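Chemist: Fold the stuff below for me.
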Amino acid sequence: MFYDHKQIDQKWQKFWEENQTYKTENNSSKPKFYVLDMFPYPSGAGLHVGHPLGYIASDIYARFKRHQGFNVLHPVGYDSFGLPAEQYAIQTGQHPAITTEQNINRYEEQLRKIGFSFDWSREVRTSDASYYKWTQWIFIELFHSWYNKTADKAESIETLVEHFSKFGTENLNAVQNDELNFTSEEWNAADENEKQDILLNYRLAYRAETTVNWCPALGTVLANDEVKDGKSERGGYPVFQKKMMQWSMRITAYSERLLQGLQKIDWPQPLKDSQEYWIGKSQGAEVKFLVDGCQLIVDSENANNQQPTTDNHIEVFTTRPDTIFGATFMVLAPENPLVEKLTTPEQKTEVDNYIEETSKKTERDRMADVKNVSGAFTGSYAVNPFTGKNIPIYISDYVLMGYGTGAVMAVPAHDERDHRFAKKFGLEIIKVIECEVDVQEESYDSKDSVCINSEFLDGLNYKEAKAKIISEIEKLGIGNGTTNYRQRDAIFSRQRYWGEPVPVYYKDGMPYTLPVSALPLELPEVEKYLPTEDGDPPLGNAKNFAWDEVNQKVVSVDLIDEKTVFPIELSTMPGWAGSSWYFLRYMDPKNEGEFCAKDLSDYWGQVDLYIGGSEHATGHLLYSRFWNMFLKDRGYINQDEPFQKLINQGMILGMSAFVYKILHYENDIPPIFISTNKYLKEEKIKNENSTVVDYEDKLTDIFEKYTDRLIGYSGIQKIHVDVSLLKGTSDELDTEAFKNWRAEFKDAEFILEDGKYITEREVEKMSKSKYNVVNPDDICEEYGADCLRLYEMFLGPLEQSKPWNTQGLSGVYGFLKKFYNLYFDGDNFSVSDEEPTKAELKVLHTLIKKFMFDIQNFSFNTSVSQFMIAVNELQKLKCNKRAILEPLAVIVSPYAPHICEELWSLLGQNGSIEFANFPELNETYLVEDEIEYPVSFNGKMRFKLPLAADLDAKQIEEIAMSNDKVQEILGGATPQKVIIVPKKIINIVF
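Modeler: Below is the predicted model:
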């Protein structure tokens, strides 16, 4: 029977849509299962075949859980705010909402063609005001919360105000920016502005001066993952480090809980390791070093007279306080506020120039660059509190303001970076850990040696010395033992247009949140999407974007009087804001009264299976965990973690195609190369064409003369070719199509082999810029959606990256035709109600067992292989039994739903196959009744002997020795021994 995939795909996609087959009901009596894909960002290019890989895997799992009787939530939506749409708006003047809508429509069309079982009725878009209303509400909740370290949770800011009014800061244990000290009387006497300023020190969403990645060309702050090699990922524009007043989220309050939570979730270990490293917990001591020549006497009786104050010390955090006797200089981060105070007039120019150079590097670049050493001397000195020596104070980009205090005590003998710095600047190196290494030449770091040259620490091991020195530091009042985290608070402001407006207005310079009743604060219309002439963000171009406090509404900016009408925050939220809680909105997407009803968040709970890329480890996945923990603290949800099990899918790589353009030189001095517009396979250049050979010979001479100018130059230009220009599934280039592809190739000449131009092929990341993108629409058109789904799973393990090869589709398509025709006799549907044979039942239950094992281990590729084996075996058995073919359709349906729906219908079943019970495994069908024993003589197998499976060794030997073939081979000889391994082998030695 002809397998008409086009007709079948269209028929069942229409059926699913009309019948809302995948619409999920809330509060079902069934057990729940929540399957989710990472939020897609809808780009203008649409999907290529690499994008659906994770979606197909999650869809298979969702369908399987429905077969098991679960109430499955499998939603879809779009992370639709973002910089690409805004940049397009700047270039074209078209509103980002228009292009975003077009891109989403394109994505949705493609996703529907692949046959995903999404509950489309729950679709959310972060750029819809009905959605970002609740993103703004969460921001307001964060603003009106503080972190109580005693309770180890976030609480309403009102409880903090109550504490201040009764006790001031006495017995307050809070996460804060600066340590404040005041009495209840001082708090109660403070005016409104002073109180608001104090509260900003504690709020979980706060505004403060922060060092950011500033991109002047884009006019916005960028996240670390939006910057690569000092340039913006979007557009490649220079990015600088700059201090700006920014909104931040106090994620650092949750550092320990984020670390501990990793023990409770089933995530890939590399991803957990990445978050653990990013959070960067370390235990050590904070120590204050006096500056400006102040001497600190190491004497506990006199220490009170030498206490550091905020004006005369540098505070450092060190994980190795036991090495403090080896601290011979100090290094500050270039952006440390102390740098300006400590830099002497003589050093100011050098320091300023160094700070300017450092501003061009991101923190990520600075952390990654472990080899290059640079810095500048401030001209000032500090005092090592235990040696009493003056030690110079430098600045260097290897010290980060976001880690510790933005200052380090440098112990060059026992830290590699400090050692390189000391060698470059000729600084003292003192060994304080016993070792055989010459520390003047290389550093030595160990926790297994004892202290030397350290007075009262000498002879102590690491643990003893650390405890002893921390005790002395605390006695002297110059510091204390503490735990530190590398993680910084998350910058929350973006100087962009296409993002969620921050629901804040400013009165007397202080931020106040809009009332919840005023939400959503909608994105206003602007005439242009660039910053204003005054340098304000694009929202500064809005005409109606001021807050009337009396009438509680947004009004014209012309009405701002700073009395009743006030300016609204002009920055927007970052891209990660909307994606940090979308999994909760899917539970209750149409609720206008709250972000999610509590009974529904209680019912759906965590996402049971989350599939997406590992590149989101320290962005989206960390922020989602943070927001989830916060919402639990405030009583809005019950679960600690958002995603219980997470799988990172690999990439599908593209198979790029290349042609080689021949280049000639015009003259020798200097050599100038011009394009010939001739194309030839690279390895043929020297052998197949005399003109080119002459050119190559001459090129060799030029290389010898001008190697300094021609390093890496090959004389040929390697050019990416759109893979759509290849003929069919071959590597042959359609030369006429190539000439029509772009104007520059219209006169192309090809030196052919056997009348063909065969392109070079290479596996690379699939991307539009490499012209190796394969459109899933084309695959669905030619082979069908089920073939695409099966092939992507068949390529290899889900977690691994693997190359796409369109030629491989034909094998999977052949399987589908063979599978389809199991149910037909010629052109007639033919399924028998006869009882199946043992052999047929064995094939079915072998498949069930393999399927169950594979799906529990997410080994989708091996299940596809087993499908093929099963169909081949059933075909050989000429099986047409309903008792086999009906459950077979159910088993294959999660992978290939369209063809299985068609077969289910032909089998006379009503409704969708989606909710059919998954067939149960019966192990008795897998028990062997008979075993074919290989019979060997002196270790060489001569024939096979079928015997009952339940025979013991003695019975097997008796039957074997009475066998005619055995006696014939023995030829009357008496065996020395007979080796029997039941269910395995018979070996006769003679």
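
Chemist: Which helix or which strand is home to residue 97?
Modeler: Using DSSP states H and E, residue 97 sits within helix 96-113.

Chemist: Please enumerate residues in contact with that helix?
Modeler: Contact partners of helix 96-113, identified using Cβ atoms under 8 Å, 6 or more residues apart in numbering, comprise 9, 13, 17, 40, 42-44, 46-47, 52, 55, 76, 78, 80, 85-86, 88-89, 118, 125, 127, 497-498, 529, 776-777, 780, 785. Yep, even glycine has a C-beta here, placed from its N, CA and C like the rest.

Chemist: Next secondary structure after that helix?
Modeler: Next along from helix 96-113, by DSSP H and E: strand 119-125.

Chemist: Tell me the helices and strands packed up against that following strand.
Modeler: When contacts are defined as 3 or more Cβ pairs under 8 Å, 6 or more residues apart in numbering; DSSP states H and E, strand 119-125 sits against strand 75-78.

Chemist: partners of the strand it packs on in the sheet?
Modeler: Strand pairing for strand 75-78, using DSSP bridges, gives strand 119-125 (parallel).

Chemist: Could I get the CA-only coordinates of the strand it pairs with as PDB?
Modeler: Extracted in PDB, the C-alpha atoms of strand 119-125 (Å, rounded to 0.1, in the frame of the first residue of the first chain):
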ATOM      1  CA  ASP A 119      -1.300  22.300  24.800                       C
ATOM      2  CA  TRP A 120      -1.500  25.300  22.600                       C
ATOM      3  CA  SER A 121      -4.300  26.800  24.700                       C
ATOM      4  CA  ARG A 122      -1.700  27.600  27.400                       C
ATOM      5  CA  GLU A 123       0.700  29.500  25.100                       C
ATOM      6  CA  VAL A 124       2.400  32.500  26.800                       C
ATOM      7  CA  ARG A 125       4.500  35.300  25.400                       C
END
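
Chemist: measure residue 457 to residue 285 for me?
Modeler: 13 Å (Cβ to Cβ, to the nearest Å).

Chemist: Give me the buried entries from the contacts of helix 96-113.
Modeler: Neighbour-count burial (16 or more other Cβ atoms under 10 Å) is assigned, among the contacts of helix 96-113, to 9, 13, 40, 42-43, 46-47, 52, 55, 76, 78, 80, 85-86, 88-89, 118, 125, 127, 497-498, 529, 776-777, 780, 785.

Chemist: Now intersect those residues with the strands, please.
Modeler: Secondary structure from DSSP state E places 76, 78, 125 of the buried ones among the contacts of helix 96-113 in strands.

Chemist: Can you list the buried residues in the longest strand seen in the chain?
Modeler: In terms of residue count, the longest strand belonging to the chain (DSSP E) is strand 652-665. Using 16+ other Cβ under 10 Å as the test for burial, strand 652-665 gives 652-664.

Chemist: Check stretch 355-365 too.
Modeler: Buried positions in stretch 355-365, judged by neighbour count with 16+ other Cβ under 10 Å: 355, 358, 359, 361, 362, 363, 365.

Chemist: In contact with the second one: list those residues for me.
Modeler: Counting by Cβ under 8 Å, 6+ apart, residue 358 touches 241, 334, 335, 366, 397.

Chemist: What about those, which one has the most neighbours?
Modeler: residue 334 (27 neighbours; other Cβ atoms under 10 Å).

Chemist: SS state for that one?
Modeler: Secondary structure state of residue 334, per DSSP: H, G, I helix; E, B strand; the rest coil, is coil.

Chemist: And the buried residues of strand 652-665, which is closest to residue 795?
Modeler: residue 652 (6.9 Å; Cβ to Cβ).

Chemist: which residues make contact with stretch 914-934 from outside it?
Modeler: For stretch 914-934, contacts defined as Cβ under 8 Å, 6+ apart pick out 21-22, 63-64, 66-69, 117, 838, 841-842, 844-846, 848-849, 852, 887, 890-891, 893, 897, 904, 909, 941, 944-949, 956, 960, 983-986.
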